[in-house]
Structure formats: C-alpha cells, structure tokens
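>>> Output the structure for:
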Amino acid sequence: MTTLVIAEHDNAQLKAATLNTVAAAARIGGDVHVLVAGANARAVADAAAKIAGVSKVLLADGAQLADGLAENLAAQVLAVASSYSHILFPATAAGKNVAPRVAAKLDVAQISDIISVESADTFQRPIYAGNAIATVQSADPVKVITVRTTAFDAVAAEGGSAAVETADAVADSGKSSFVGREVAKSDRPELAGARVVVSGGRGLGSAENFKILDPLADKLGAALGASRAAVDAGYAPNDWQVGQTGKIVAPQLYVAIGISGAIQHLAGMKDSKVIVAVNKDPEAPIFGVADYGLVGDLFTVVPELTSAL
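Next comes the predicted model:
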C-alpha cells in the first residue's frame, strides 16, 4: 500500500498545504510518495525530499506543467496512478480543480475534504456546513481524496532523505492554455496559513470603514479576512473571504469584528484555537463559538483594543 501526495507549489517553493497532506497520508499507513509536477521545479522536489515521512519524490518537469493547468496536471497524475492505492490532494482551490478529473478518469468516487483517517479505507468528512460528520468507507481500488489541511498538523519540513526520481512529463493536452495571472501582493501573512486572522463583516458598513482593522492586524501580525456578506457588499476583495465557499482557516487566534456568525462563515473558522468576537448584538450566533466575546460598538472597541496592545 503506497500513497501519492500531489505537491502544491509555485515552481520555486513548496506550499505549506503539502505538509498537512503528507500528515494525512502518513496516517493511512504504508509508504508516502510525493509528485512534483511543474517547470524548472527541481528545488521544489529537493524540498519535498526533505519532508519527514516521505520515501520517494517523483519529479515531472515540463513547460506544459508550469502553470498548473488542471487538464495537464490531471493527465500527469493519471500517468503514474497505477502504482498507488491512495492519491491525496490538498483541499485548496488548486487541489479541488484537479482531483475530480482524476477520480472521474479512474472511475472511482472522490472522497472530499477529509478531516480524519479512521483506517486505510475509512475517513471522516464534514457535511451540512460542518454541523455533522460523515464516516465514509470506500471499496474503490484507488482512493482519490482531498484533505482539509487545517485538520492535520503539518509534518516537519526537514528530517527526511527521500530519493528524487524523474517521471516522464505528459504531453500538453491542448484543451486549455494559460493566459495570465493577477496576483494580489501583500506584506501580510497568507490567509489560509496565518497564525492570526482578523476578519470583518457587514457590520463595518463600508470598504472605507474596513480600514479600521488595519492597525489591529498590524499589531497582531495578522492576515485580514472577511465574511461573505462583506465581500458581496464590496467591502473586501474575494480572496479575503472566510467560510464554506471561501477559505477554511484554523489559526491560533481568530478575531471576528462585526460578523454575525452565519453558518457559512462558521464552517470556515470554528476550528480556530481561540476565537474572539466583537458585535453589538448580544444574540449574534458568533458568540456561540467564541471563546471571548465583547458586546459593543466596534468603532469604539477596535481602536481601544488596538491601543491596548
């Protein structure tokens, strides 16, 4: 029994989500291999070889794999899939773009967003926005799985000494082409992996008022997030959205400002280690999951909290 983890990277650095996915793979048992598919990605493969618990790294290097096009990456996974009992992807936007294609081609049922490994064929995953946990057993010969990275503590990035083997890169499928990428650059930590997150909701009232969170986030060294209501209202950009249809986060500290706590939002942050909520409505659902709650006017509370830090 051997598990293949599909590495997430930018051709230069390995993304942290890969370490969490390797942790899930280790719980399945057997050997753990990592596939690095990209262009000029030898540095990524070398980094993957150092991950604790990884026994082999496959490096597929080709220009057609440079931009992570789902059709090409899926074909690359399928080219090596016959050697594996389990194929694991991080449950990120990239992973969720490729995994269903692989599962469909293998004619197996994908097991999505697992949060626990019970055995080699049995897994737990949240359903109904996290209000219930389903235990799923699969009899498929190959298990194609996406892993909720916040549910598994990352393995050590150093300590391993896996061999790096070259795999033949698949030909370009010709089904899609890379046109361009607009990357939002920020000095703040990446939202999905941040240790502290400060999120704002519709209670802030406007995009201009959202800036009241900047000094607090600066003091805490935090990433900024937002509820779906705030994003839909244009107060914050889409990539800040936390929730079932946004990013799933589980930081050490989550500060919710002016967020009522709709079930969709709670599904994306309730696994945070410590949750602090500020809302003027004492009946707001966010207080049901908060470790610390403060009922008050956020426009008064946030500056006072910032100055006190």
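>>> Help me confirm that residue 58 is found in a strand?
Yes - the assignment for residue 58 is a strand, going by DSSP: H, G, I helix; E, B strand; the rest coil.
>>> does it really touch residue 41, like I thought?
No - contact criterion CB atoms under 8 Å: residue 58 and residue 41 do not qualify, at 11.3 Å. All C-beta atoms are positioned from the backbone trio N, CA, C, and that covers glycine.
>>> More neighbours: the two, which one.
Between residue 58 and residue 41, residue 41 has the larger neighbour count (other CB atoms under 10 Å), namely 25 against 22.
>>> mind checking the SS state of the nearest residue to that one once chain neighbours are set aside?
Once flanking residues are discounted, residue 41 sits nearest to residue 11: 4.8 Å by CB to CB, 6 or more residues apart in numbering. Under the three-state scheme (three-state DSSP), residue 11 adopts coil.
>>> And for residue 11, the neighbour number?
18.
>>> Please tell me I have it right and it contacts residue 42.
No - assessed by CB under 8 Å, residue 11 is found out of contact with residue 42, at 9.7 Å.
>>> tell me the domain ranges of the protein?
Following the TED database, the chain resolves into domains at 2-167, 196-308.
>>> Out of these, which is closest to residue 177?
Of all the domains of the chain, domain 2-167 sits nearest to residue 177, with 7.7 Å by CB to CB.
>>> for residue 271, what are its contacts?
150-151, 250 (CB atoms under 8 Å, 6 or more residues apart in numbering).
>>> could you redo the last one with a cut-off of 7 Å?
150, 250 (CB atoms under 7 Å, 6 or more residues apart in numbering).
>>> how about it, phi and psi?
phi -90, psi 0 (degrees, to the nearest 10).
>>> The one 3 residues further on too?
Phi and psi for residue 274, reported as degrees, to the nearest 10, are phi -130, psi 130.
>>> Burial check on residue 305, number of neighbours?
Counted with other CB under 10 Å, the neighbours of residue 305 add up to 19.
>>> I'd assumed it was in a strand, is it?
No - remark: residue 305 does not belong to a strand; assigned using three-state DSSP, it is helix.
>>> give me phi/psi at the nearest residue to it once chain neighbours are set aside?
Counting by CB to CB, 6+ apart, residue 305 lies nearest to residue 216, which is 6.4 Å off, once chain neighbours are set aside. The phi/psi pair for residue 216 (degrees, to the nearest 10) reads phi -70, psi -40.
>>> Check whether residue 216 really touches residue 303, as I assumed.
No - look at residue 216 against residue 303 with CB atoms under 7 Å: they stay out of range, at 8.6 Å.
>>> neighbouring contacts of the biggest strand by length in the chain?
Taking DSSP state E as the criterion, the chain has its longest strand at strand 31-38. By CB under 7 Å, 6+ apart, the residues outside strand 31-38 that reach it are 2-7, 9, 11, 22, 25-26, 44-45, 48, 53-61, 65-66, 73, 76-77, 80.
>>> how does it look with 6 Å?
Contact partners of strand 31-38, identified using CB atoms under 6 Å, 6 or more residues apart in numbering, comprise 2-7, 11, 25, 44-45, 48, 53-60, 65, 73, 76.
>>> Would you mind listing the buried residues in it?
Within strand 31-38, the residues that qualify as buried are 32-38, counting by 16 or more other CB atoms under 10 Å.
>>> picking that back up, more neighbours: which of residue 216 and residue 303?
For residue 216 and residue 303, the more surrounded residue by other CB under 10 Å is residue 216, and the numbers stand at 20 against 13.
>>> which residues does the more buried one contact?
By CB under 6 Å, 6+ apart, the residues touching residue 216 are 198, 302, 306.
>>> Neighbour-wise, give me the winner out of these.
Going by other CB under 10 Å, residue 198 tops the contacts of residue 216 with 26 neighbours.
>>> surely that one meets residue 219?
No - Residue 198 is not in contact with residue 219 according to CB atoms under 6 Å; the separation is 9.5 Å.
>>> count of residues packed around the residue nearest to residue 247 when sequence neighbours are not counted?
In this structure, residue 247 finds its nearest non-sequential neighbour in residue 192, 5.1 Å apart by CB to CB, 6+ apart. Neighbours of residue 192 under the rule other CB under 10 Å: 24.
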